[in-house]
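Novice: need coordinates for the following:
(2 chains)
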Amino acid sequence: MKRSFLDYILRNRLPVTIFVALSAFALTYFASRAERDGVGYTPNQPIAYSHKLHAGEMQIDCQYCHIGVEKSRYAVVPPVATCMNCHTVARKDKPEIVKLTDYYNKNRALLWKRIHKVPDYAYFSHSVHVNKNIECESCHGEIKQMEKVGQMQSFTMGSCLNCHRNAHDKMPYFKVDEINNGPDYCWACHR
Amino acid sequence: MSDIKKTSSQNPDPHYWQSFEELYNSKEFIELNQNEFKEGVSENIDAGGMSALSRRKFLALLGASAAIAGTSCTDYRDKGEIVPYNKKPEEILPGRPNYYASTCMQCENACGILVRTREGRPIKLDGNLDHPVSKGKICAQGQASIMGLYDPDRLKNPKKKLDTRLIDINWKTADEEIYFELINSGGSEIAIITNKIVSPTTKEVLDQFIEIYPSAKVYSYEPINNEVRNSAWEKCYGDGEYPAIKWNEAKVILSLDSDFLGSSNNKIETARLYAEGRDVMNKNFSRLYTVEGNLSVTGMNSDYRFRLRPDLQMNFILALTSELNKRGAGISLDTFGMDLKNFADENALKLETIDHLVNDLISNKGKAILHAGDHLPEDVHVAINTINHALGNDVLYNNKYVMNSVQPLRTFEEIQLLTSRMKNGDVAVAIHINTNPVYDLPGDFGYTEALKSVGSAISFVEVENETSSVSNYVLPINNQLESWGDAKTRSGFYSMQQPVISPLYDTRQTESILLTWMDGDPAFYNDKVYHSFLIKNWEQKIYPSLNHKLDFNRFWNGALHDGIVITNEKGKGIGSFNVNVAQNIKTPNSVDGFSLQLKESYAVRDGRFANNGWLQELPHPVSKIVWDNYAAISPTSANELGLNSNDLIEVTNGNSSLKIPVMIQPGAADDTITIELGYGRTNGGTVGTGIGFNSFSLFTSKSGLTPFLYSGVNVKKNGGTYKLVTSQTIYAFNEGITKDLPEKRKIIQEGTVNQYSKDPSFIKHENHYSDLTVYPPIEYKGVKWGMAIDMNKCLGCGECVVACNVENNIPVVGKEQVDEGRDMHWLRVDRYYTGAPEEPKVSNQVLICQHCDNAPCENVCPVVATTHSPDGLNQMVYNRCVGTRYCSNNCPYKVRRFNYFNYRDYFKDGYQESPVFALLQNPEVTVRSRGVMEKCTFCVQRISDARAEATKENRELKGSDVKTACQEACGTNAIQFGDINNEKEEFHKYRNHELGYYVLEEINIKPNVTYIARLRNTHSEES
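Specialist: Next comes the predicted model:
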């Protein structure tokens, strides 16, 4: 039987095309996964604030600035005034602090780049997690060693559930009776 | 509907019925209701009115963006910015609400409120528990009034009339020009027309204004008021105002056309006390008799109800008096030879029931109260006061918190004198302080004409109205949530008002404007003018009289914190009764033609809430009609005139007439027309303009028994129809096996008090259902949520509906959409009639998602968008929902609502899409968009919040930690919510009450809303 052009297309071209397309998709999908989830996102901030210096070396408590973590859904990015508690005196000649002071004095809004984001239909609550003694680092990574903060974990629903369903694996610092798995029903987060 | 002519008062076929169509088995009706969704509910969607993005374009864009994403996936997505405060206000923590105590100034009752704010913007009003009168409750209007703050129609800057247009001016110009007018008034009158003044400090401002401008006079009026009752009281008791009544202590209540549970003044306190007197937990039941012309909320809740045209009330009372006197009541009232038996015969009142009434009144001396409607003539009130006095019922008057008006209202005669002075050119300046006399004064006053002869007419308004459109200056004032103030309505306490947000627009507070004009220099104004005046007035005038232990500053901060200042002022007791006053009662006239009564609207009151979509869409508690008023007429009278519902009639009262559609109201008295006021606004804002019919045009100053009640009114068929829309009948089924559903399926279960005392578990006797199920039993550990609704306390008023709307971001959909069956209310109050259409009994039932354990909606969702949570909630996940509507189809309660549109941009050209409207939304609740199903969540946001709080305090979550919005709002505490598994909670008593039942229990879906059967307190065992 003579092979027709159609046969050629069906037997050779098509499988090859599909293979190429699929493998390209699969490759891109896995290669870009971190980026899609935002893992590794480390934007430049308007003020080059160092968590390594403040939280790490100087051991300032997280809650000195992020006052909402125990009380509210939001951790709260501190108002400029919080920085000025120290920086009206400390290091006030450094260029970044001069910038900061300018924001404060002119009462300008300081636009920090958002790094961690859950969609607005997910009602994540910091207070519940922090009050259960889950460490900040479990989601945010080793903040105390970051000169510039970046996203360390994925913040998809899958990642949330991964922890909610395997609490002890994911947070080995808890003893057996110290924590249970988190809720995994819809209205725990969505409403 | 032509079948109506077959009206029969014998045993009607369906025992429970919701509309005439259902009662007479109209063919179209049956067809219409075979289906879950109304025919055409998913059609008739105007693509032109929607967003310009078509499906094809959307897909093209999707493809293009995927392509772009593919080529540019080399960098992270930008996630926007976080903008912290520069200097954070101390009290604000993002994500946590703050509560401020204030006072609701929407009407003269001045109830205490708690304002919930988030990040500085108010999002919900609730009652202040410390308020001695309102005790933590506010009415539907109060709850919905938050929409007024964010109303896109609000006036944003001062305006001045130039020729016929209004042009924008600034405050400086306005102040200067008006000040010039004021000082040059040359002794001509400066009239200040205001609503009832409840604030002592506002009165102080006005008093000082009069000192500076001696020709100024203050006219405070309310278009709908209880002045007739008060003037009768003054005649009987020398002075004072009609007191509050201890309804909870009354054993027998006779309401004479008084809608004390529905719309009359002071309704919040009245309804609460009444419900306390009907407590199934204490087995304590009062008995309510109602004699009324139209079916009202009070009538729906009465144990015995008579129909009587309201202009015959005087005759009825005299006849009743003569009978009471025969039994030795000794009422010194000339009864003009009236006889109760004859009267009952003439007016088809059931003699047996009349006997019960007389017996009850005689045997409950001192424990009964007679109460007459605001709209009845003075003689009726005098007679009522006389009877109450003679029977010793005056012990039920409340002596503790005595009514105490800061300034009494002006009478209509005084307002009429003002208009004639205006016409003579004796008035130089007329200042309307958020009043609307052009709309709501009797037409024959000729107020609009009179205003033309006034040198300068000024209107202070939030939203432009009929009066502002004929004013020379229109000045924007602050909303109540942007204002300072105080209020005094009764002896013994003050209520404080504080702003919770700074003015959204270039508006000023009324008192500040007046203070600036008193000074004369526009530069005098700053936003603290009235604040400092208020503090000074309290420090110098009120605080010293309180003998308070704290110094003033601490006292003041405490007062603002609590919202209430309790004083040890003693109310002046009730004076002695003047027996002679009853001798002036005139012989009752014979009646002819139709009797016309004009009543306050249950939704928009006197029209001041016309621009509030939530209220316009709140179904009428009795007729369930939305977005309209109508003439209610009895089935018999309609038959005589050849009328069907929706037919237009012409009502002629003296010189004025009105064309209005009729609604055949089961239970209305024959030859009586009842019309609600407050509709037909011609300049009522985007929402309120042109809604309904202006029955103020029938309001005349003469010829009426009172301004609200007329006799000898002419009614004739006008030809033509007008579609009235009801939210009710769309849920009905009535053929074959579904006929008589409410009774056969035990949706409504009722009994009598006698039945209950004989056999407390009479409801349960009949309920033996098999527990057979194919599902494995699920054990609910920990908290499991449930609700109980005490139908003995539910009045059917609809406050819960509005509370739910505000809490859960429910959109307004408009009249046409409600007609299509697309209303979005998560909570509805079903109303059922039983018995003959002329004399029906009424049952109300609040229906929400029942959160069934074996929820039928969950099985049919193809995308698992609705599932069950371990705490017993039926969850709805908007992101998963693809809009198949199977769940709604399979829900036996019909409580799921589907978003056919994105109503926020559909209604009236995106009125609700206005950016300022977004501020109204509760940030804890998702704003749903087109194509998803939604339903009651048991306020899951509050549950989550309570759970977070419990975690914070390291304790277990308790059922009593959560109060749902409807529960908080219910004026009679009919709604209880809590943990089913916790036997120690108060809720447990309701959940397991012997009168409790579940709706459609027999289909074994295990609903979690317990209904506590209503008991009627009749003399027999049958209801």
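Novice: who's in contact with residue 104?
Specialist: Chain wasn't specified; assuming chain A. Applying C-beta atoms under 8 Å, 6 or more residues apart in numbering or on different chains to A:Tyr104 gives the contacts A:80-81, A:83-84, B:86. For the C-beta atoms, the positions are set from N, CA and C on the backbone; glycine is no exception.
Novice: other chain: chain B
Specialist: Neighbouring residues of B:Cys104 by C-beta under 8 Å, 6+ apart: B:110-113, B:125, B:138, B:142, B:145, B:480.
Novice: kindly recompute the last result at 7 Å.
Specialist: Listed by C-beta atoms under 7 Å, 6 or more residues apart in numbering or on different chains, the contact set of B:Cys104 reads B:110-111, B:113, B:125, B:138, B:142, B:145, B:480.
Novice: check B:Glu617 too.
Specialist: Here B:Glu617 is in contact with B:626-627, B:812-813, B:818, B:823 (criterion: C-beta under 7 Å, 6+ apart).
Novice: can you check B:Ser695 too?
Specialist: Contacts of B:Ser695 by C-beta under 7 Å, 6+ apart are B:598, B:629, B:658, B:675-677.
Novice: which SS class is the closest residue to it other than its chain neighbours?
Specialist: In space, and not counting its chain neighbours, B:Ser695 is closest to B:Ile675: 4.3 Å by C-beta to C-beta, 6 or more residues apart in numbering or on different chains. Here B:Ile675 is recorded as strand under DSSP: H, G, I helix; E, B strand; the rest coil.
Novice: which strand residues bridge B:Ile675?
Specialist: B:Leu598, B:Ala631 (DSSP bridges).
Novice: and it, how many neighbours?
Specialist: Neighbours of B:Ile675 under the rule other C-beta atoms under 10 Å in any protein chain shown: 25.
Novice: now the strands for chain A?
Specialist: A:112-113 (DSSP state E).
Novice: per-residue pLDDT, B:Phe37?
Specialist: In this prediction, B:Phe37 carries a pLDDT score of 65.
Novice: give me the contact list for the longest strand seen in chain B.
Specialist: If you go by DSSP E, chain B has its longest strand at strand B:709-721. With C-beta under 7 Å, 6+ apart as the test, strand B:709-721 has contacts from B:310-311, B:375-377, B:591-597, B:641-643, B:646-653, B:659, B:661, B:673, B:703-705.
Novice: now with 8 Å, please.
Specialist: Contact partners of strand B:709-721, identified using C-beta under 8 Å, 6+ apart, comprise B:310-311, B:375-377, B:589, B:591-598, B:631, B:633, B:641-643, B:646-654, B:659, B:661, B:673, B:698, B:700, B:703-705.
Novice: close to chain A: what parts of the stretch 751-900 of chain B are there?
Specialist: Proximity of the stretch 751-900 of chain B to chain A, by C-beta under 8 Å from any C-beta of the partner chain, involves residues B:867-870, B:873, B:875, B:877-879.
Novice: drop anything exposed from the residues you listed.
Specialist: B:867-870, B:873, B:875, B:877-878 (16 or more other C-beta atoms under 10 Å in any protein chain shown).
Novice: wait, what's in contact with the spatially most central residue of chain B?
Specialist: Centroid check for chain B by C-alpha atoms, centre = their mean gives B:Ala140 as the closest residue, at 3.9 Å. For B:Ala140, the contact set (C-beta under 8 Å, 6+ apart) comprises B:603, B:615, B:618, B:797-799, B:801-802.
Novice: how close does it sit to chain A?
Specialist: 25 Å (C-beta to the nearest C-beta, to the nearest Å).
Novice: tell me how far that residue lies from B:Ile633.
Specialist: Distance from B:Ala140 to B:Ile633, counting by C-beta to C-beta, to the nearest Å: 26 Å.
Novice: just B:Ser483 next, same as before
Specialist: In terms of C-beta to C-beta, B:Ser483 sits 43 Å off from B:Ile633.
Novice: looking at these two, which is more packed in?
Specialist: Neighbour count, other C-beta under 10 Å: between B:Ser483 and B:Ile633, B:Ile633 has more, with 29 against 24.
Novice: correct me if wrong: the more buried one contacts B:Gly667.
Specialist: No - using C-beta atoms under 8 Å, B:Ile633 is not in contact with B:Gly667, being 11.4 Å away.
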